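Fold the following for me, if possible:
(one chain, ligands or ions: 3)
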Amino acid sequence: MAVNLSRQAAKLAVGKLQPSSRVLCVTLHTTGVQRSDEKSMKKNLINHSRVRGIDILRNPKLNKGTAFSLKERQLMGIHGLLPPVVRSLDEQMIRVMTNFSKRQNDLDRYIYLSSLQDRNERLFYRVLTEHVEKMMPIVYTPTVGLACQQYGVAFRRPRGLFISIKDKGHVYEMICNWPERNVKAIVVTDGERILGLGDLGVYGMGIPVGKLSLYTALGGIDPSKCLPICLDVGTNNEALHKDPLYIGSAHKRVTGQEYDEFIDEFMKAVSKRYGNNCLIQFEDFANKNAFRLLEKYRNDYCTFNDDIQGTAAVAAAGVFASLRITGKKLTENTFVFLGAGEASIGIAELLALAMREEGLSREESYKRIWLVDSKGLIISDRPTGGINHHKEPFTKPFKHLTDLEEIVNEIKPTVLIGAAASPGAFTENVLAAMGKHNERPIIFALSNPTSMSECTAEQAYTITQGRCVFASGSPFPSCTLNGKTFIPGQGNNAYIFPGVALGVLTCGVRHIEDKIFLHAAQALANLVTDEHLAEGRVYPPLSDIQSVSLAIAVDLAEYVYKEGMASAYPEPDDKEAFIRSFLYDTDYESFEPETWDWPY
Ligand SMILES: NC(=O)C1=CN([C@@H]2O[C@H](COP(=O)(O)OP(=O)(O)OC[C@H]3O[C@@H](n4cnc5c(N)ncnc54)[C@H](OP(=O)(O)O)[C@@H]3O)[C@@H](O)[C@H]2O)C=CC1
Ligand SMILES: CC(=O)C(=O)O
Ligand SMILES: [Mg+2]
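Ligands and ions are numbered 1, 2, ... in the order given. Okay, here's the model as predicted:
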């Protein structure tokens, strides 16, 4: 936990000061991943930077605002720097929620929350965790997409590390500028494919920032262990070149050998600075880089690509849960994907792996999955070409088709999944065709943000007369049809990456194999109850997402120890208690040394 001066440690800290000053300074840095029961003692034994007075209020990790007690204010030299009233964290939350609700639009709400994060980190995370359903659409999709598009305007204070291609040769030194010495998780983007919004260059920094706020809010990972990074290699978005507010390098993207060397230097620098166990999550890289960087680094680093692997797990979980509604075995399904990129190929490969675990041959597993890309249905010897080696396993002899309605009518899929950032592609006719061929069609419109969704929840339920099983990447409101209310699930990798990261970090998993994601998918699907399914949900409610993330981590812990993938020893008997002992606590810690007398 961030700061908690225990009695003994407080004495130690104060012992280094002028005896007459009798003031309290607090630690800025901690080292080592510490279990909560050991933390307060250890951290104070390693004090190396002390803050007091106004600097405490300016430090979001230490600042409690009006929650500082009178005693703390006196001791820390901040008495009078705050209004006289002393408020509890819960009372402060009322102020935050009142302010939040007074904002005119979601971008303003995003900026308000970012400012809170800059001011008072614990209060920010308490608000996020207590109001997760309300806050997630703001700090995450869809609003984070808008915030990235408007990052030049939304920008107040820098958050995270910006490393430019111009810094090539000095990446390690740049990483050393980051003030935290014990980073355990990095989310990195180069901004080339931000959600379904395309190349936003450095404006894409909103994504690592948003993802890591969920590492803490959902996965309970201490924010001081998390580092958002944006690699600035330029942007091919010409509008940004002309944007006077743009905060990145306004030139075309650097590609080829120079790009590869830069990424390589970055990976090595992270490892050198934070160790080989530092988790590196790749996020929103363009397709052409995402797959090959994953292949290049997955066996040498603790890394995964969330868009490929995290998405695969969440979608597979949704499919597994849906099968309890349709009553079909996985292998009895036919899948059509609109899109054959990171998300679709990731999901398709994981489903194929799941089918093989159920006994199908490789060939048979691929036979049940059809992909459609910008050039049409993916078939053998397609006249229009465009089949790269990720798409290749899914090719099969068939006629060349480009129209999705026609494809659905020909292939008659039981499951239709969209991840093409092609808004509205699930037209009335496509949805009707799914309804015609299936009693309970499974329809997932996974593209983000909301504006990129293949269809709305309402369209899907209405056109299939409430028969479809629906999930979407960004949230949609519930929908009432003939007196029955349907609650669409949010098929978003946010249900996966916080729990996977928590399990991986606490158990010391060195390489994150696809089987880990398959296991996470099964764990998530198992958390869907019959009551959820009856409401139309194929994921647990968003309000449960923190306990879901913990449950996934605990399940993974059992799995990785059994499979010999864990390196944290001795193996804990009680995995849940073990993982819980690492969780970030959003309660304020007291800076009051209990044995002290009042200074006057
Ligand atoms: N819900 C979730 O958790 C996640 C959702 N996503 C969303 O999925 C979307 C796609 O992401 P990702 O897969 O990484 O992107 P990619 O760029 O890797 O892939 C996009 C794919 O869509 C295809 N495509 C583009 N336009 C059309 C069209 N009109 N008809 C058919 N196919 C088309 C492209 O075809 P071609 O190959 O020919 O270029 C490509 O195969 C984004 O909106 C993203 O936000 C992504 C990750 C997680
Ligand atoms: C959710 C996510 O990772 C994406 O849309 O890219
Ligand atoms: Mg992403």
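
which residues touch Thr464?
431-432, 434-435, 441, 443 (CB atoms under 8 Å, 6 or more residues apart in numbering). No exception for glycine: its C-beta is placed from N, CA and C like everyone else's.

Quick check: phi and psi at Pro397.
Listed backbone geometry of Pro397 is phi -70, psi 130, with angles given as degrees, to the nearest 10.

swap in Phe282?
Summarising the backbone geometry of Phe282 under the convention degrees, to the nearest 10, its torsions are phi -80, psi 140.

For it, list each beta-bridge partner.
Beta-bridge pairing of Phe282, defined through DSSP bridges, involves Val188, Asn305.

what's the burial count for it?
Counted by other CB atoms under 10 Å, the residues lying close to Phe282 total 24.

What residues does the residue sitting nearest the centre point of the chain make contact with?
Closest residue to the average C-alpha location of the chain: Lys211 at 3.5 Å, with CA atoms, centre = their mean. For Lys211, the contact set (CB under 8 Å, 6+ apart) comprises 140, 187, 228, 281, 283, 306, 497.

what residues are up against Lys64?
Residues in contact with Lys64 (CB under 8 Å, 6+ apart) are 72, 89, 120, 122-123, 588.

Go ahead and list the helix or strand containing the residue of the chain found nearest ligand 2.
The chain approaches ligand 2 most closely through Asn448 (3.7 Å), counting by CB to the nearest ligand atom. In the assignment (DSSP states H and E), Asn448 maps to no helix and no strand.

from the contacts of Thr464, which ones fall inside strands?
Among these, DSSP state E puts Ile443 in strands.

Top of the contacts of Thr464 by number of neighbours, please.
Per-residue neighbour counts (other CB under 10 Å) across the contacts of Thr464 peak at Ile443, which has 29 neighbours.

so it bridges to which residues?
Per DSSP bridges, the residues bridged to Ile443 are Leu416, Phe470.

pLDDT value on it, please?
Reading off the confidence values, Ile443 has pLDDT 98.

Flag the shaky bits of this protein, pLDDT-wise.
Low-confidence segments of the chain, defined by pLDDT under 70, span residues 1-49, 594-600.

how does it look with 80?
Per-residue confidence for the chain (pLDDT under 80) gives these ranges: 1-50, 593-600.

elements contacting the helix or strand hosting Asp55?
In this assignment (DSSP H and E), Asp55 forms part of helix 54-57. Judged by 3 or more CB pairs under 8 Å, 6 or more residues apart in numbering; DSSP states H and E, helix 54-57 is in contact with no other helix or strand.

The contacts of Lys211: which two are farthest apart?
Considering CB to CB, no two members of those lie farther apart than Tyr140 and Gln281, which are separated by 14.5 Å.

Leaving out the residues flanking it, which one is nearest to the residue of the stretch 451-600 of the chain at minimum distance from ligand 3?
Scanning the stretch 451-600 of the chain for proximity to ligand 3 using CB to the ion identifies Asn493 as nearest, at 6.9 Å. Excluding the flanking residues, the one nearest Asn493 by CB to CB, 6 or more residues apart in numbering is Gly310, at 3.5 Å.

coming back round to it: any chance you could read off phi and psi for the residue of the stretch 451-600 of the chain closest to ligand 3?
The phi/psi pair for Asn493 (degrees, to the nearest 10) reads phi -60, psi -10.

OK, contacts around it?
Neighbour list for Asn493: 306-307, 310-311, 313-314 [criterion: CB under 8 Å, 6+ apart].

now Ile163
Residues in contact with Ile163 (CB under 8 Å, 6+ apart) are 171, 174-175, 229-232, 266.

Please identify the helix or strand for it.
Under the assignment given by DSSP H and E, the secondary-structure element containing Ile163 is strand 161-164.

in the helix or strand following that strand, what counts as buried?
Stepping forward along the backbone from strand 161-164, the first helix or strand reached (DSSP H and E) is helix 171-176. Neighbour counts using 16 or more other CB atoms under 10 Å place 171, 174-175 of helix 171-176 among the buried residues.

buried ones in stretch 410-422?
Neighbour count says stretch 410-422 has 410-411, 413-422 buried, by 16+ other CB under 10 Å.

Dump those residues into TSV; add distance to Gly376 and secondary structure as well.
Rendered in TSV, the data for the buried residues of stretch 410-422 read as follows (distance: CB to CB, whole Å; DSSP: H, G, I helix; E, B strand; the rest coil):
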residue	distance to Gly376	secondary structure
Glu410	12	helix
Ile411	12	helix
Pro413	15	coil
Thr414	21	coil
Val415	19	strand
Leu416	16	strand
Ile417	17	strand
Gly418	15	strand
Ala419	16	coil
Ala420	12	coil
Ala421	17	coil
Ser422	13	coil
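
which of those residues are close to ligand 1?
419-422 (CB under 6 Å from any ligand atom).

Between the contacts of Thr464, which sits nearest Thr384?
Thr384 has its nearest neighbour among the contacts of Thr464 in Met434, at 25.1 Å by CB to CB.

give the contact list for the residue found closest to Gly385 once you drop the neighbours it is linked to in the chain.
With CB to CB, 6+ apart as the criterion, Gly385 has its nearest non-adjacent residue at 7.3 Å, and that residue is Lys375. Counting by CB under 8 Å, 6+ apart, Lys375 touches 382, 384-386, 402.

Closest one of those to Lys515?
Distance to Lys515 across these (CB to CB) is lowest for Gly386, with 30.5 Å.

contacting residues around that closest one?
Contact criterion CB under 8 Å, 6+ apart gives 373-375 as the residues in contact with Gly386.

Quick one: neighbours of the closest residue to ligand 1 within the chain, just the number.
Nearest to ligand 1, among the residues of the chain, is Gly341, at 1.8 Å (CB to the nearest ligand atom). The number of residues packed around Gly341, counting by other CB under 10 Å, is 24.

before we move on, what about Arg95?
Taking other CB under 10 Å as the definition, Arg95 ends up with a neighbour count of 13.

same thing with Tyr112?
Going by other CB under 10 Å, the residues that sit close to Tyr112 add up to 16.

which SS class is it?
Using DSSP: H, G, I helix; E, B strand; the rest coil, the secondary structure recorded for Tyr112 is helix.

Among the contacts of Thr464, which one lies nearest to Asp167?
Taking CB to CB as the measure, Asp167 sits nearest to Ile443 out of the contacts of Thr464, at 45.3 Å.

Do I have it right that that closest one meets Ile463?
No: shown here, Ile443 and Ile463 do not form a contact pair, counting by CB atoms under 8 Å, at 9.6 Å.

that older thread, of the contacts of Asn493, list those near ligand 3.
Filtering these for proximity to ligand 3 by CB under 5 Å from the ion leaves Asp307.

Which one (most neighbours) among the contacts of Asn493?
The most crowded member of these is Ala313, carrying 32 neighbours; neighbours defined as other CB under 10 Å.

Tell me who's in contact with that one.
Listed by CB under 8 Å, 6+ apart, the contact partners of Ala313 are 350, 493, 496, 500, 517-518, 520-521, 524.

of these, list those near ligand 1.
Near ligand 1, by the rule CB under 6 Å from any ligand atom, you find Asn493 out of those.

tell me the two of the contacts of Ala313 that are most distant?
The widest separation within those, taken as CB to CB, falls between Asn493 and Leu518 and amounts to 14.4 Å.

what about the longest strand seen in the chain, distance to the chain center?
Counting by DSSP E, the longest strand found in the chain is strand 226-232. Relative to the centre of its chain, strand 226-232 is centred 13 Å away, using CA atoms, centre = their mean, to the nearest Å.

Against which helices or strands is that strand packed?
Taking 3+ CB pairs under 8 Å, 6+ apart as the contact definition, the neighbouring helices and strands of strand 226-232 are strand 161-164, strand 185-189, helix 206-217, helix 256-274.

Dump the ones you listed to CSV, plus distance to Asn287.
Compiled in CSV, these are given as follows (distance: least, CB to CB, whole Å):
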stretch, distance to Asn287
strand 161-164, 22
strand 185-189, 14
helix 206-217, 16
helix 256-274, 14
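
now these as JSON lines including distance to ligand 2?
What follows is the helices and strands packed on strand 226-232, written out as JSON lines (distance: least, CB to the nearest ligand atom, whole Å):
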{"stretch": "strand 161-164", "distance to ligand 2": "20"}
{"stretch": "strand 185-189", "distance to ligand 2": "10"}
{"stretch": "helix 206-217", "distance to ligand 2": "7"}
{"stretch": "helix 256-274", "distance to ligand 2": "19"}
